[in-house]
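**Q** Could you work out the structure for the sequence below:
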Amino acid sequence: MRIGIVGCGYVADFYLATMPNHPELELAGVVDRNVERARRFAEAHRTRNYGSLAALLDDPQVPLVVNLTNPRNHHGVSRECLEAGKHVYSEKPLATEWPLAVELVELAERKGLQIVSAPCTVLGEAAQTVWKAVREGRIGPVRLVYAELDDGMVHRENYQSWISETGTPWPFQDEFEVGCTLEHAGYYVTWLAAMFGPATAVTSFASCQIRDKAPGARLDPPDTPDFSCGCIRFASGVVARLTCSIIGPHDHALRLFGDKGVLTVPECWNFGSPVTLSRRTKWTFRAERHPTVARLVGLGPRRLPLVRRPSFRYKVAGANRIDYCRGIADLVESINDQRPCRLSARFSLHVNEIVLPLQDPKGMGSPRQLTTGFEPMAPMPWATD
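**A** Residues are numbered from 1 along each chain as shown. Model prediction:
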C-alpha cells in the first residue's frame, strides 16, 4: 500500500529506518509545514515532496496517511485526512484533549475508515512474550503491576546535540511543553490494556518540579508536569501503578506480580528486551530479600526465550530497537483483510482516555471513572504457538 507521511521531524527518520522490513509499505511522499525540512527529508530518502497537505490528500493513489506531526497538531491533521477519505496512523496520542480524540474516532467510524495510534511496542517480541506467559498462567493470576518510565534529568543532558539522520534536532521545547506523560505513558498502557482489557478508573498525581528546564526558551505552558504517578484499575481486577518523569534516574522496567511468580522486562523501547520469570515459593520469598544469595544458589530469575522474533534492520546509530513501522504494517494488513487493526480506533481511544488524566493535575487523588472500551486485541500470529 502506498502511504504518505505528514511531518518530517525528529521521529520521522526512525520510521523510515524500519520501513524496509515491510515490503508491503511503499512511501509515496512526504509533506511538512517547514519547507526546508521537507525538502531535506525528501531528498535524503529519495521520495516525493508534495509541498502541501492538500496536494497529498488529493492523491488518489494514497489511501493511508501517517501523521507524525507535533502532538498538539494531531487532531487537526488527522481530521483533514479523514475528511479526505484517508485512513490514518497517528503518532501518540490521538489528541491532547479528550473531546477531540472522541471526535476523530466517531468521524472515522461514520466514514468507514480506520484511525489508530502509536506506540506499536505492544506488537514487539518482548511484549508478546510477556503476554504469552500471562495467557499460559506462568505466574498465576496477575494481581499487581509496577511500570516505570523515568528518563533521568533530560534537561541536564546535552539534548541540543540530539540530531536525527536527516539533520532535525530533538524538539526539546515541544517535549517539555507536551509533557513526558503524554509522550511516554502509552508505551506501557498499551501493553496493559492488551493483556488485561479495559480499565475502569484512574487515580493520579502530577506535578511540575522543575520549571526552568529550557533556559532561554519560553515554554507554553511553563508548568507541564514533569512527574506523574497514577494507579489504573482494570475491569479484570488487575491494578497497575505507572510512574513517568524526566527527573528520576533512567528506569523503564515493567514488573507483573502474580500468585506464582513475577515477570520482569527492563526496557519497553527494545523489541528484543529480555523477559525474566521469578517463581514464588517459600524459598523465593526469602530470596527476594537476598537477591545476590538467591542467584548463587540458583533461585534467581530465569530468562524466558522470546517468541519468534522476525529480524529487522535498524540503521540509526544509538536509537532504540523499535520497529516503528510494525503498527503501520498491521494497519495495512487489517485494511486489506477488512478487519479491525490490533491497535484499533477504540483501543487507541481507550489508551488516550487513560493517559490524559495521568498527567492532568486537576482532581488529583480522586478516581476518574473511564467511559470507553474496546474489543479484545489478538496476539501476533507468531506469538500463539
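
**Q** can you map out the strands along the stretch 1-150 of the chain?
**A** Taking DSSP state E, counting those that start in this stretch, the strands of the stretch 1-150 of the chain run over residues 2-6, 26-31, 48-49, 64-67, 87-90, 115-117, 142-150.

**Q** cool, and the stretch 201-350 of the chain?
**A** Going by DSSP E, counting those that start in this stretch, the stretch 201-350 of the chain shows strands at 227-234, 239-245, 254-258, 261-265, 275-279, 302-304.

**Q** Would you mind listing the buried residues in stretch 21-41?
**A** 21-22, 25, 27-32, 37-38, 40-41 (16 or more other CB atoms under 10 Å). No exception for glycine: its C-beta is placed from N, CA and C like everyone else's.

**Q** what do you get for stretch 251-265?
**A** Buried residues in stretch 251-265, defined by neighbour count with 16+ other CB under 10 Å: 252-258, 261-265.

**Q** what does stretch 190-204 give?
**A** Within stretch 190-204, the residues that count as buried by 16+ other CB under 10 Å are 190-199, 201-204.

**Q** Averaged pLDDT, that stretch. What do you get?
**A** Averaged across stretch 190-204, pLDDT comes to 98.

**Q** Output that stretch as CSV - backbone C-alpha positions only.
**A** The C-alpha coordinates for stretch 190-204 follow below in CSV (Å, rounded to 0.1, in the frame of the first residue of the first chain):
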residue,chain,number,x,y,z
THR,A,190,-0.9,-0.3,25.5
TRP,A,191,0.7,-3.5,26.9
LEU,A,192,-1.5,-3.5,30.0
ALA,A,193,-4.7,-2.8,28.1
ALA,A,194,-3.9,-5.6,25.6
MET,A,195,-3.2,-8.1,28.4
PHE,A,196,-5.8,-7.2,30.9
GLY,A,197,-8.6,-5.5,28.9
PRO,A,198,-10.3,-2.1,29.5
ALA,A,199,-9.6,0.0,32.6
THR,A,200,-12.4,1.3,34.8
ALA,A,201,-10.7,4.1,36.8
VAL,A,202,-7.5,6.2,37.0
THR,A,203,-6.2,7.9,40.2
SER,A,204,-3.3,10.2,39.6
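
**Q** Tell me which residue lies nearest the centroid of this structure.
**A** residue 119 (2.6 Å; CA atoms, centre = their mean).

**Q** and residue 359, how many residues sit next to it?
**A** By other CB atoms under 10 Å, 23 other residues sit near residue 359.

**Q** Same check on residue 321?
**A** 17.

**Q** Just to check, residue 22 is in contact with residue 327?
**A** No. Counting by CB atoms under 8 Å, no contact exists between residue 22 and residue 327, whose distance comes to 10.3 Å.

**Q** what is in contact with the two at once?
**A** Residues touching both residue 22 and residue 327 (CB atoms under 8 Å, 6 or more residues apart in numbering): there are none.

**Q** ok, back up a step: show me the contacts for the residue nearest to the centre of the chain.
**A** Contact analysis of residue 119 by CB under 8 Å, 6+ apart lists 92, 186-187, 190, 322, 327.

**Q** Nearest to residue 69 among the residues you listed?
**A** Residue 69 has its nearest neighbour among those in residue 92, at 11.9 Å by CB to CB.

**Q** So the closest one versus residue 118, what's the distance?
**A** 5 Å (CB to CB, to the nearest Å).
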